[in-house]
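Visitor: The sequence and its predicted three-dimensional model are supplied below.
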Amino acid sequence: MELLSNLALGFQTAVSPLNLLYCLVGALIGTLIGVLPGIGPVQTIAILLPTTFALPPVSALIMLAGIYYGAQYGGSTTSILVNVPGEASAVVTCIDGHQMARQGRAGAALSIAALGSFAAGTFATFVLAVLAVPLSEFAFKFGPAEYFSLMVFGLIGSVVLASGSMLKAVGMIVLGLLLGMIGTDVTSGAHRFTFGIPELADGIGFVSLAMGLFGICDIINSLEKRETRDILKGRLTGFWLSRSDIRASAPAVLRGTLCGSLLGILPGGGAILSSFTAYMLEKKSSRSPESFGQGNICGVAAPESANNAAAQTSFIPLLTLGIPPNVVLAMMAGAMMIHGIQPGPRVIASNPELFWGVIVSMWVGNLILVLLNLPLVGLWVRLLSVPFRLLYPAILLFCCIGLYSVNNNTFDIGLTALCGLLGYVFHKLECEPAPLILGFILGPMMEENLRRGMLLSRGDPAVFFTRPLSLAFLLMAAVLLILVALPSIRRSRESAFKEG
Amino acid sequence: MRRLCAGLLVAAVVGLLGSAELSAQEIKGPIKIVVPYPAGGGSDVAARLVADKMKDSLGQPVIVENKPGAGGRIGTEYAKGQPADGATMLVVNPALFVVAPVVFSKLAYDPDADFAPVSLITTYQFCVSVPPGSAVKDVPGLIDWIKKNPNQANYGSPAAGSLPHFFGLMIGRAAGVEMVHSSYNGSGPLVTALIGNQIPIGVDAYDAQSAYHPEKIRILATAGTARKRPDIPTFKEQGYPDIEGTGWNGIVVPAKTPKPVIDKLSAAIVTAVRSPDVVEKIQGLGNDAVGTSPEEFAAVLKKDRERWVPIIKASGFKAE
């Protein structure tokens, strides 16, 4: 009953005309920056932060939250239509989403991305309302040993699930791990491989790496091919999903939602990690893993649901414990502090209209997005259907603006250009960049936790085997490794990928 | 006639000098406060509050420019290269002006040669805290626990080479035990580890800890000369007068900025920081608002170097 009265309070706050307006504004801005490659929610919130000074705190937070989850919707659009992820969390959506577009099923891909996101958003809002407090406790069970073992499992999983040559996948992961070593070592504070360049002290920026390897590299490739990819003209019909599409993708949406909701709560998790994980899970559990990468609708449904769910559940640690689990939420924490509200458990008690208002506004915002976005896809598409000679320079320009606004530094732009060239080399060598990205994200976290675990146990590695959760992850990793090493399974895996 | 001419000339020269005197204080164009950290952080919020007030008192635009990267060193180097006309100010802290010169063999700026102090804006205390289930209730209990469990005496700080890192060494020294230091990737992960009972002792800025779950993290003591919160005693009150540490955010300008301009800026900052609504907002963040003269700021800087540099050097910490 208390939940009902809380939700009623939330509704009262969220549907007041002013807050509804800011919810709409946030969702629209979010979609727009999600569509435009290079400009993400972090930069946008950073840019808009000063303007929220003037707003009442609830409206400010509702708008900023709208930008965050709106970006998750919008990010998929460019991934599907031009194979340039609008958001880092939409990187995996490129793989199958763009293939679907090439097969003339762009409409279906966009529909499932939007509907999957909406389903996930609804579920995540519900999770947030009901389980916020008890769920946040779960994350604290993870010590350094658990984090390390989870990541070992994740990396081995990504090798097993990578398509194509396993040797190349391992190579790319290791390269990703090595690139992740650049920068300041968290444990000792020492600079590694920075060559005295202060910009490298924070490591290679994830945005630069992802944008270079996926966005810029793809532009170079398509210029080289002189191929007219007019996926954008005339083929954008068939938004309605066929019955077989729905049957195939409904469980994928469900799995993606659950996966995203769970990973969003974990500190360090969030939209990016969960979309990767959901994609891998989907591919692994599929009866036809070879169809992934060839335009399988599940490969769009799962990660898109997951990133939206995670975007919302990642508010749990912030709103219940005051701990921002990722960069975007750290910006939200900053926005709250500007208004003199300390993010934390006291928010629920001292600002109930803010807490419940923001939660309910997320559901309202998701509804607005699905109502607006499917009709507006035409508009976004027209935005992207200009000729390549105009489109590519414009995309590059937006990338540059976005990159520059991360740190107000031109270094990041040069770095992205370099990563683009690197991506081109990988393309020529037929090496997939996705495992590299995963190694790059997980590597530093894995190293940090391994060393912290060893440091705190005074050099005794038993800590990784004596803690049950950690042991479970390591055992699962071992099982995966054994499965792959078995000759019969290895042969069938390779043939499966060859067929595909 | 000649006398008249000479008189006029003298008058003209005096007049010119007079106007030069006036314009020496004038600052052209919009004034920017460079914050060498991302938007939304503690020093950024303080800078924005100050900028907003200065805009009114100086009658010209004052904007905040974020230049994050390399722990603030990129923004600091950037500000060093800006014209020394008062139109560029920079927010700095002990990490940039006390620690960095000791731990970096090649630093792109010299805090004393390249910058001149203008005013402090905020100060913050350090604190030591334990997880919710810990048996330790106060500082003597903590020192006792460290002595009895030297093999478990691990402490976490928000970053390697941060002041809390060295402050933790002070605590270990009081117990005569070399505690193992584990640095986290910022205050957020450290707080997570503390609440989850993954690390027995946490050392951090008070505002970073108080911002989180007060029922879940037990702050044993704050390290200032006076209590930060009525219910948390200081180290001094608990019998450890030598364990003291205060951090700060201050505003500096490029070294060649004329003294009258520095004084004008300093006065404007002091007025801004001391206005009641700014004081209240900064208090709300767990910090204290302070405005100082350039000389007082320089004295704080000198005192802090005397306090920290020997500890940093003794730790053997190097960033390269």
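Guide: Received it, and whenever you're ready, just let me know what you need. Numbers count the residues shown, from 1 in each chain, chains lettered A, B, ... in the order given.
Visitor: residues in the stretch 1-150 of chain B within reach of chain A, list them.
Guide: Residues of the stretch 1-150 of chain B lying close to chain A (C-beta under 8 Å from any C-beta of the partner chain) are B:38-42, B:44-45, B:48, B:64-71, B:73-74, B:77, B:103, B:106, B:108. For the C-beta atoms, the positions are set from N, CA and C on the backbone; glycine is no exception.
Visitor: Contact partners for residue 131?
Guide: I went with chain A, as the question did not name one. By C-beta atoms under 8 Å, 6 or more residues apart in numbering or on different chains, the residues touching residue A:131 are residue A:316.
Visitor: Chain B, not that one
Guide: Neighbouring residues of residue B:131 by C-beta under 8 Å, 6+ apart: B:194, B:195, B:196, B:197, B:199, B:200, B:217, B:218.
Visitor: From those, list the ones also adjacent to chain A.
Guide: Within those, those near chain A by C-beta under 8 Å from any C-beta are B:195, B:196, B:197, B:199.
Visitor: if you skip the residues just before and after it, what's nearest to the first one?
Guide: Counting by C-beta to C-beta, 6 or more residues apart in numbering or on different chains, the nearest residue to residue B:195 once its immediate chain neighbours are dropped is residue B:216, at 4.8 Å.
Visitor: Am I right that that neighbour falls within a helix?
Guide: No. Going by DSSP: H, G, I helix; E, B strand; the rest coil, the assignment for residue B:216 is coil, not a helix.
Visitor: I'd like to know how far it sits from residue B:191.
Guide: Note on residue B:216: its distance to residue B:191, by C-beta to C-beta, to the nearest Å, is 9 Å.
Visitor: what about these two, which has more around it?
Guide: Set residue B:216 next to residue B:191 and count neighbours by other C-beta atoms under 10 Å in any protein chain shown: residue B:191 wins out with 27 against 20.
Visitor: Quickly find the element holding the more buried one.
Guide: helix B:187-195 (DSSP states H and E).
Visitor: Show me what that helix is packed up against.
Guide: strand B:154-157, strand B:201-205, helix B:206-210 (3 or more C-beta pairs under 8 Å, 6 or more residues apart in numbering or on different chains; DSSP states H and E).
Visitor: quick one, the second one and helix B:187-195 angle?
Guide: To tie it back to what came earlier, the one meant is strand B:201-205. Angle of strand B:201-205 versus helix B:187-195, following axes from the mean of the first three to the mean of the last three C-alpha atoms, to 10 degrees, is 150 degrees.
Visitor: elements contacting whichever strand or helix holds residue A:332?
Guide: Using DSSP H and E, residue A:332 falls within helix A:327-338. Here helix A:327-338 touches helix A:41-48, helix A:57-82, helix B:42-58, going by 3+ C-beta pairs under 8 Å, 6+ apart.
Visitor: how much distance is there from the host helix or strand of residue A:401 to the middle of the chain?
Guide: Taking DSSP H and E as the definition, one finds residue A:401 inside helix A:388-407. The chain centroid and the centroid of helix A:388-407 are separated by 20 Å under C-alpha atoms, centre = their mean, to the nearest Å.
Visitor: what angle separates it from helix A:327-338?
Guide: 50 degrees.
Visitor: buried residues in whatever helix or strand comes next after helix A:388-407?
Guide: Note on helix A:388-407: by DSSP H and E, the next helix or strand toward the C-terminus is helix A:411-428. For helix A:411-428, the neighbour count (16 or more other C-beta atoms under 10 Å in any protein chain shown) marks A:411-413, A:415-417, A:419-420, A:422-424, A:426-427 as buried.
Visitor: So which of the residues you listed is the closest to chain B?
Guide: Closest approach to chain B among the buried residues of helix A:411-428 (C-beta to the nearest C-beta): residue A:411, at 8.3 Å.
Visitor: Chain neighbours aside, what residue packs nearest to that closest one?
Guide: residue A:199 (4.1 Å).
Visitor: What of residue A:377?
Guide: Excluding its sequence neighbours, the residue lying closest to residue A:377 (C-beta to C-beta, 6+ apart) is residue A:110, at 5.4 Å.
Visitor: could you give the angle of the host helix or strand of the one you found to helix A:57-82?
Guide: According to DSSP H and E, residue A:110 maps onto helix A:106-139. Counting by the same axes, to 10 degrees, helix A:106-139 lies at 130 degrees to helix A:57-82.
Visitor: Could you check helix A:106-139 and say which residues are buried?
Guide: Using 16+ other C-beta under 10 Å as the test for burial, helix A:106-139 gives A:106-125, A:127-129, A:131-132, A:135-136, A:139.
Visitor: returning to what we had before: show me what the helix holding residue A:401 packs onto, helices and strands only.
Guide: helix A:41-48, helix A:206-210, helix A:217-225, helix A:411-428.
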